[in-house]
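Colleague: Could you work out the structure for the sequence below:
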Amino acid sequence: MNKPKVVVTRKQFDSEMDRLRAVSDLTIIESDHLPTQEELKSKVKGAKALFVHINDDINGEIMDAAGDSLKIIGQFGVGYDNVDVDAASERNIAVANTPGVLTETTASFAFTLMQAAARRIAECDRFVRDGKWKYFEPLDLLGYDLSASVLGIIGYGRIGSYLGKIASENNMKVLYYNRSTPEETYGAERIDTMKELLEKSDVVSIHCPFTPETNNLISKKELSYMKKTSTLINTARGPIVNLDDLYDALSNNRIAYAALDVTDPEPINMDHPILKLDNLTILPHIASATVETRRKMSMMTVDNIIEGLNSSLPTYCVNSEKISW
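Modeller: Numbering: from 1, shown residues only. Below you'll find the predicted structure:
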């Protein structure tokens, strides 16, 4: 009896691929570049399941290229805005993600970025490497203490609220802007409008999901509300922040600093002028990049796929109400 075909769009942990290999005809796309749409269409033909990643645009064309055999799309991560869920539901394809797995890791990383920005770590590293460290200067490269600062969090779900907990434990005053009231606020104060939150915060950290409503949520107008001494942190999704407007704000000292783990596009275009700024820390989407967290994400994605291969809706199916198997 032939095993069902499963396609994995990027190299993954060997132990988890062995689990898939035991129950499927496994294809792993390994290359030195992201697979193009044409490459994906070619590779997915006849697949029953896809193991996909955030940079894969999984639209209706990709699903149709796989054919009627496709039943499950396993997303490696919590966010799944790269998958056209409506198109999947129309084709009776289950989409599953890995919720909850990276809450503490991503929140801790956001706080790390806040610390790095407050003490200008990346800038100081460049200062030394560029041979500018000639002597001790007591008023040079001064940062600020987070414990004396106000943190404003946009999006107070699992990750945002856990960051609020960390910040509160480090004596920061925490404000949050969220559509709904979370079960646990960790002593944070809810702010009714994002404008007010931006005006009151010394550090603003973004933790809302990427949706059509949050596309360019932070642009020229919103940046104008922030303090000139403030810092913007983004570990959510790149398109939430307008990169050109952020460059304008940073280069004209309308805000003091930014730390980004995500950009739009991703990877960032290397000719973008924002890369020349000293008051920016920019990283390659590594908020969840610990061995423990990424391994757990891989395991959960494989679990979702194996459930789908066994004709059971995955535990973490995001469109279960629209699927009839």
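Colleague: any chance you could map the strands in the chain?
Modeller: 5-8, 25-28, 47-52, 72-75, 94-96, 150-154, 173-177, 189-190, 203-206, 231-234, 257-260, 280-282 (DSSP state E).
Colleague: now these as CSV including distance to Ser288, mean neighbour count and mean pLDDT?
Modeller: Every C-beta, even on glycine, is put in place using the N, C-alpha and C of the backbone. Formatted as CSV, the strands of the chain follow (distance: least, CB to CB, whole Å; neighbours: other CB atoms under 10 Å; pLDDT from 0 to 100):
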stretch, distance to Ser288, mean neighbour count, mean pLDDT
strand 5-8, 18, 24, 98
strand 25-28, 21, 16, 98
strand 47-52, 16, 27, 98
strand 72-75, 13, 30, 98
strand 94-96, 17, 27, 98
strand 150-154, 18, 26, 98
strand 173-177, 22, 23, 98
strand 189-190, 27, 14, 97
strand 203-206, 16, 28, 98
strand 231-234, 14, 27, 98
strand 257-260, 15, 25, 98
strand 280-282, 17, 19, 96
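Colleague: OK, contacts around the spatially most central residue of the chain?
Modeller: In the chain, the C-alpha closest to the average C-alpha coordinate belongs to Ala236, at a distance of 4.1 Å (CA atoms, centre = their mean). Contacts for Ala236 (CB atoms under 8 Å, 6 or more residues apart in numbering) come out as 155, 206-210, 262.
Colleague: Now distance to His53 too, for the residues you listed, in TSV please.
Modeller: Listed next are those as TSV, based on distance: CB to CB, whole Å:
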residue	distance to His53
Gly155	22
Ile206	21
His207	21
Cys208	21
Pro209	17
Phe210	15
Val262	14
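Colleague: Of those residues - the most surrounded one?
Modeller: His207 (26 neighbours; other CB atoms under 10 Å).
Colleague: Please list the residues outside the lengthiest helix in the chain that contact it.
Modeller: Counting by DSSP state H, the longest helix found in the chain is helix 291-309. Outside helix 291-309, the residues that touch it by CB under 8 Å, 6+ apart are 4, 6, 12-13, 16, 19-20, 23-24, 48-49, 51, 71-72, 74-77, 94, 96-98, 101-102, 105, 288, 313-317.
Colleague: Residue ranges in the chain under the pLDDT threshold?
Modeller: Confidence mapping of the chain against pLDDT under 70 gives the ranges 1.
Colleague: In helices, which of the contacts of helix 291-309 appear?
Modeller: Using DSSP H, the contacts of helix 291-309 in helices are 16, 19-20, 105.
Colleague: domains of the chain?
Modeller: The chain breaks down by automatic domain parsing into domains covering 5-99+291-322, 103-282.
Colleague: What's the end-to-end length of the last one?
Modeller: By that I understand domain 103-282. End-to-end span of domain 103-282 (CA to CA, to the nearest Å): 21 Å.
Colleague: Equivalent analysis for the first one, please.
Modeller: Using CA to CA, the end-to-end distance of domain 5-99+291-322 comes to 24 Å.
Colleague: so how far is that domain off the chain centroid?
Modeller: Averaging C-alpha positions (CA atoms, centre = their mean, to the nearest Å) puts domain 5-99+291-322 18 Å from its chain's average.
Colleague: cool, stretch 246-260 as well?
Modeller: The answer for stretch 246-260 is 21 Å, by CA atoms, centre = their mean.
Colleague: got it, and stretch 181-197?
Modeller: 21 Å.
Colleague: Now it: buried residues?
Modeller: Residues of stretch 181-197 classed as buried: 182, 185-186, 188, 191, 194, 197 (neighbour count, 16 or more other CB atoms under 10 Å).
Colleague: just stretch 39-47 next, same as before
Modeller: Buried residues in stretch 39-47 (16+ other CB under 10 Å): 40, 43-44, 46-47.
Colleague: tell me which of these is nearest to Arg254?
Modeller: Within the buried residues of stretch 39-47, the smallest distance to Arg254 is 40.8 Å, found for Leu40 (CB to CB).
Colleague: In the stretch 51-200 of the chain, what residue spans correspond to helices?
Modeller: Assigned by DSSP state H, counting those that start in this stretch, the stretch 51-200 of the chain shows helices spanning 60-66, 85-90, 103-118, 121-129, 158-169, 194-200.
Colleague: between those helices, which gets nearest to Ser230?
Modeller: Comparing the helices of the stretch 51-200 of the chain by CB to CB, helix 194-200 comes nearest, at 8.1 Å.
Colleague: one step back: could you dump the buried residues of stretch 39-47 into CSV and include distance to Glu321?
Modeller: Converted to CSV, the buried residues of stretch 39-47 look like this (distance: CB to CB, whole Å):
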residue, distance to Glu321
Leu40, 27
Lys43, 30
Val44, 25
Gly46, 28
Ala47, 24
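Colleague: Which pair of these spans the longest distance?
Modeller: Leu40 and Gly46 (13.3 Å).
Colleague: coming back round to it: which parts of the longest helix of the chain are buried?
Modeller: Result for helix 291-309 [16+ other CB under 10 Å]: buried residues 293-294, 296-309.
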